[in-house]
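[1] Build me a model:
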Amino acid sequence: MEEAKQKVVEYLQGKKGKTKFYFNDFTDLFPDMKQREVKKILTALVNDSVLEFWSSGSTTMYGLKGAGNRSEVEG
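    Just a heads-up that it's a prediction; the model follows:
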């Protein structure tokens with residue numbers, strides 16, 4: 001799982017100008033894995049405080065912790 005976590009972090013760091021990502025962006029990153037397995041990787045990264053959730057109210061997205069606009073900063 002550590003390799004998968006590292007792959008997610010490298011993917012996010014490689015994207016310039018975009019800080020929030022849909023869940024499906026990550027399923028494209030791991031085409032051979034089931035969605036449930038990808039969700040476990042993302043949840044582990046959130047629990048490790050590497051990623052954070054961001055919600056628009058109708059959609060939950062993922063982003064690197066501290067990158068871009070954050071919900072607690074937005075009013």
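
[2] Next one: the most centrally placed residue in the chain from residue 14, what distance?
    The residue lying closest to the centre of the chain (CA atoms, centre = their mean) is residue 62, at 3.5 Å. Remark: distance between residue 62 and residue 14 (CB to CB, to the nearest Å) = 15 Å. From N, CA and C alone the C-beta is placed, and that goes for glycine too.

[3] Please, which helix or strand holds the residue nearest to the centre of the chain?
    strand 60-64 (DSSP states H and E).

[4] likewise residue 53?
    Here residue 53 is assigned to strand 51-55, by DSSP H and E.

[5] Strand 60-64 and that strand, what's the angle between them?
    For strand 51-55 against strand 60-64, the angle between stretch directions is 150 degrees (axes from the mean of the first three to the mean of the last three CA atoms, to 10 degrees).

[6] Pull out the buried positions in the strand holding residue 62.
    Applying a neighbour-count criterion of 16 or more other CB atoms under 10 Å, the buried positions in strand 60-64 are 61-64.

[7] again with stretch 26-41
    So, applying 16+ other CB under 10 Å, buried residues of stretch 26-41: 26, 29, 38, 41.

[8] can you tell me the distance between the two ends of that stretch?
    End-to-end distance of stretch 26-41 (CA to CA, to the nearest Å): 10 Å.

[9] Just the residues contacting that stretch, thanks.
    With CB atoms under 8 Å, 6 or more residues apart in numbering as the test, stretch 26-41 has contacts from 1, 4-5, 7-8, 11, 23, 42, 62.

[10] For those residues, pick the one with the most neighbours.
    residue 8 (24 neighbours; other CB atoms under 10 Å).

[11] I'd say that residue and residue 46 touch.
    No: counting by CB atoms under 8 Å, residue 8 sits too far from residue 46 to count as a contact (10.9 Å).

[12] ok so, going back, for the residue nearest to the centre of the chain, give the beta-bridge partners.
    residue 21, residue 53 (DSSP bridges).

[13] wait, isn't it in contact with residue 53?
    Yes: using CB under 8 Å, residue 62 is in contact with residue 53, at 6.6 Å.

[14] shared neighbours of these two, which are they?
    residue 46.

[15] Tell me, please, where in the protein the pLDDT is lower than the cut-off.
    Across the chain, the ranges flagged by pLDDT under 70 are 68-75.
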